[in-house]
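Enquirer: here is my input; please provide its structure:
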Amino acid sequence: MRVYDYDGPVLSTERDAVDLIGDVLSIGAEVVAVPVELLDADFFDLSTGLAGALMQKFVNYQLTLAVIGDISEYVAASRAPHDLVYEVNHGNEVWFLPDHHALDARITA
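Expert: The predicted model follows:
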């Protein structure tokens with residue numbers, strides 16, 4: 001499974017996600033690893049709809065979005081992000097993982 005490590009600007013709009021997806025599709029990757037620092041802070045404020053919109057773009061293009069990094073401050077701040085992370089980590093479309101070692105383990109599992 002080919003992984004694309006994203007190191008571009010902060011993803012803050014659906015257009016940003018579409019641009020990233022275009023890049024990923026052109027190289028044939030199936031998983032996009034995005035550092036948590038490159039997600040707009042609104043991503044974890046679920047009332048903004050940003051998380052749902054960005055995740056749905058990846059799902060629509062049959063790509064796995066792997067958010068890499070420490071999200072403990074976000075899940076501790078509100079029950080909604082905690083529940084979202086718990087729910088999506090049981091699937092194959094979106095993963096919240098602490099580091100690339102966890103990503104490698106998830107891919108090989």
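Enquirer: so where's the longest helix in this protein?
Expert: Using DSSP state H, we find that the single longest helix of the chain is helix 14-27.
Enquirer: who does the very next helix or strand once past it touch, helix- and strand-wise?
Expert: Downstream of helix 14-27, the first helix or strand assigned by DSSP states H and E is strand 31-35. Contacting strand 31-35 under the criterion 3 or more Cβ pairs under 8 Å, 6 or more residues apart in numbering; DSSP states H and E are the following elements: strand 3-5, helix 14-27, strand 64-68, helix 100-108. The C-beta positions use only the backbone N, C-alpha and C, and glycine is treated the same way.
Enquirer: one more time with 6 Å, if that's ok
Expert: strand 3-5, strand 64-68 (3 or more Cβ pairs under 6 Å, 6 or more residues apart in numbering; DSSP states H and E).
Enquirer: buried residues, the first one. List them.
Expert: By 16 or more other Cβ atoms under 10 Å, the buried positions in strand 3-5 come out as Val3, Tyr4.
Enquirer: name the strands paired with it and say parallel or antiparallel.
Expert: According to DSSP bridges, strand 3-5 forms sheet pairs with strand 31-35 (parallel).
Enquirer: stretch 71-88: how far from the chain's middle?
Expert: 13 Å (Cα atoms, centre = their mean, to the nearest Å).
Enquirer: now do it: everything it contacts.
Expert: Residues outside stretch 71-88 that contact it (Cβ atoms under 6 Å, 6 or more residues apart in numbering): Val36, Phe44, Leu46, Val94, Phe96.
Enquirer: end to end on it, go ahead and measure it.
Expert: Start-to-end span of stretch 71-88 (Cα to Cα, to the nearest Å) is 14 Å.
Enquirer: export the helices and strands packed on strand 31-35 to TSV and append columns for mean pLDDT.
Expert: Converted to TSV, those look like this (pLDDT from 0 to 100):
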stretch	mean pLDDT
strand 3-5	96
strand 64-68	98
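Enquirer: and the pLDDT for the closest residue to Tyr61 other than its chain neighbours?
Expert: Closest residue to Tyr61 apart from its sequence neighbours, by Cβ to Cβ, 6 or more residues apart in numbering: Ile21 at 5.2 Å. pLDDT recorded at Ile21 is 97.
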